[in-house]
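Chemist: coordinates only, sequence not included:
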């Protein structure tokens, strides 16, 4: 089934980043599970929206989709939630999946060449390990306030981990298996196919480079077992919507001593009812009485970190002006540094006035300094 990200977000193909983000935030607010408890259709729609945004917010992914359509992410190369190219979702909830870890076009081409039997070598000329663990990707949706303070996100999942009995070596005695004599530890052998000399996995050691004579009974020689894991991910204060955190080596364990993959966490920040974010700055809309705007005075506001502030409003402040409060925005990357908070000045026009109020306003409108009908 075609999942056109432009149609899902309801934007044109030439939409800019601001339009895409605006459409995404609007749909997230509508279909978020917190606002639609128990609604499976809304939950699926919410996933589609996040997947579409994940493609369109990334210039490389968007360009790939524009050029190749759904085929750009065929075979599990999409960052779509729940996509598992290796069959079956081992995590059950569809939000956790395997990912190529942001591989570039060179990596993709290299993998494609391997699929045809060519290569098997990295850029440095040495053999690339075929038994490395896969990367894992999860996604979490947090509030703007949680993004302000930062938080610890606990992930529970099951995946391959190093076998404790053999220390990941796959051998019955727990020691490193001897080097395969046929391939000399390379894991590949050369063979000819027509005019081409190609490398294929060594049939004696199945590409491991080591020959296991007696396998570990716990992992059957693979060096890994499938277990439940719990991982605490520290989301930093000031994290932005669309950020991706990487925990090196915290992905799936590699077989027979191969390197572990990485763990990635995609951050989604829900739109806030009180504050709009602009980089490290925050904007809040406050209705100020007409008399305070005209004569000057003070208003009380609450910041995102629950502080109560008294803000001075200069006499003659106009509707639409912004009052700036330094250091009351979002935390920045520099320790101890914060963006600013802007108050977008608005006014509420009363719908019902007393006779006395009407008389006072009429007198004001008739004064020389006022313009008739101005208010």
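Modeler: Yep, it's here. In this text the structure is predicted, and so the values were computed from the model without any measurement.
Chemist: got a list of what residue 236 touches?
Modeler: Contact analysis of residue 236 by CB atoms under 8 Å, 6 or more residues apart in numbering lists residue 150. For every residue, glycine as well, the C-beta is placed using N, CA and C.
Chemist: so what's residue 227 bridging to?
Modeler: residue 159 (DSSP bridges).
Chemist: what sits against it?
Modeler: 158, 159, 161.
Chemist: Could you give the number of residues near the second one?
Modeler: Applying the criterion other CB atoms under 10 Å, we find 21 residues in the vicinity of residue 159.
Chemist: so who does it touch?
Modeler: Contacts of residue 159 (CB under 8 Å, 6+ apart): 90, 136, 226, 227, 229, 251, 252, 253.
Chemist: just residue 225 next, same as before
Modeler: Neighbours of residue 225 in contact, by CB under 8 Å, 6+ apart: 160, 161, 163, 218, 219.
Chemist: Relative to residue 218, how far out is it?
Modeler: 6 Å (CB to CB, to the nearest Å).
Chemist: what residues are shared contacts of those two?
Modeler: residue 163.
Chemist: Show the buried residues in the contacts of residue 159.
Modeler: 90, 136, 251, 252, 253 (16 or more other CB atoms under 10 Å).
Chemist: Now name the helix or strand holding the second one.
Modeler: Under the criterion DSSP states H and E, the helix or strand holding residue 136 is strand 135-142.
Chemist: strand partners of that strand, parallel vs antiparallel please.
Modeler: Here, using DSSP bridges, strand 135-142 pairs with strand 97-99 (antiparallel), strand 263-269 (parallel).
Chemist: where do the helices sit along the stretch 51-200 of the chain?
Modeler: For the stretch 51-200 of the chain, the helices defined by DSSP state H, counting those that start in this stretch occupy 59-68, 105-115, 144-149.
Chemist: picking that back up, can you tell me the average pLDDT over the strand holding residue 136?
Modeler: For strand 135-142, mean pLDDT is 92.
Chemist: What of stretch 47-62?
Modeler: 87.
Chemist: Buried ones in that stretch, by neighbour count?
Modeler: Quick answer for stretch 47-62 (16+ other CB under 10 Å): 47-58, 61-62.
Chemist: ditto for stretch 178-193
Modeler: 180, 183, 185, 186, 187, 188, 189.
Chemist: Who does residue 313 form a beta bridge with?
Modeler: residue 297.
Chemist: Hmm, it is touching residue 293, no?
Modeler: Yes. Residue 313 is in contact with residue 293 according to CB atoms under 8 Å; the separation is 6.7 Å.
Chemist: Touching both of these two, which residues are there?
Modeler: residue 345.
Chemist: What about residue 327, how many residues nearby?
Modeler: Neighbours of residue 327 (other CB under 10 Å): 10.
Chemist: show me what contacts it?
Modeler: 338, 340.
Chemist: which SS class is it?
Modeler: Here residue 327 is recorded as coil under DSSP: H, G, I helix; E, B strand; the rest coil.
Chemist: hang on, the earlier thing: out of the contacts of residue 159, flag the one nearest to residue 302.
Modeler: Using CB to CB, the shortest approach to residue 302 within the contacts of residue 159 belongs to residue 136, at 39.1 Å.
Chemist: Apart from its chain neighbours, what residue comes closest to the closest one?
Modeler: Spatial nearest neighbour of residue 136, excluding adjacent residues (CB to CB, 6 or more residues apart in numbering): residue 251 at 4.6 Å.
Chemist: Centroid-nearest residue for the chain?
Modeler: Nearest to the mean C-alpha position of the chain, counting by CA atoms, centre = their mean, stands residue 266 at 2.3 Å.
Chemist: hang on, isn't that one packed against residue 51?
Modeler: No. The criterion here is CB under 8 Å, and residue 266 misses it with residue 51 at 10.7 Å.
Chemist: quick one: low-confidence ranges for this structure?
Modeler: Along the chain, segments meeting pLDDT under 70 span 1-2, 71-130, 193-195, 368-375.
Chemist: which stretches of it form strands?
Modeler: 97-99, 135-142, 151-162, 188-193, 196-201, 224-235, 244-247, 263-269, 275-278, 281-287, 297-302, 308-313, 322-325, 341-346 (DSSP state E).
Chemist: Tell me which of these sits most buried.
Modeler: Mean neighbour count (mean count of other CB atoms under 10 Å) peaks for strand 97-99 among these, with a mean of 23.
Chemist: still on that earlier bit, what about the strands paired with strand 135-142, which gets the closest to residue 362?
Modeler: strand 263-269 (48.5 Å).
Chemist: Can you give the contact residues for that closest one?
Modeler: So strand 263-269 is in contact with 28, 50, 54, 79, 99, 101, 135-144, 147, 153, 155, 231, 233, 235, 239-247, 250-251, 277, going by CB under 8 Å, 6+ apart.
Chemist: Now render the strands of the chain as TSV, adding distance to residue 363.
Modeler: Compiled in TSV, the strands of the chain are given as follows (distance: least, CB to CB, whole Å):
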stretch	distance to residue 363
strand 97-99	69
strand 135-142	53
strand 151-162	56
strand 188-193	94
strand 196-201	93
strand 224-235	57
strand 244-247	62
strand 263-269	50
strand 275-278	39
strand 281-287	25
strand 297-302	21
strand 308-313	24
strand 322-325	30
strand 341-346	25
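Chemist: looking at the ones you listed, which is closest to residue 13?
Modeler: strand 263-269 (23.3 Å).
Chemist: Test my guess that residue 276 contacts residue 241.
Modeler: No. Assessed by CB under 8 Å, residue 276 is found out of contact with residue 241, at 11.9 Å.
Chemist: Distance of residue 269 relative to residue 20?
Modeler: Taking CB to CB, one finds residue 269 at 15 Å from residue 20.
Chemist: Out of the buried residues of stretch 178-193, the closest to residue 366 would be?
Modeler: Looking across the buried residues of stretch 178-193 and measuring by CB to CB, the closest to residue 366 is residue 187, at 93.4 Å.
Chemist: Return the backbone torsion pair for residue 184.
Modeler: Main-chain torsions, residue 184, degrees, to the nearest 10: phi 70, psi 20.
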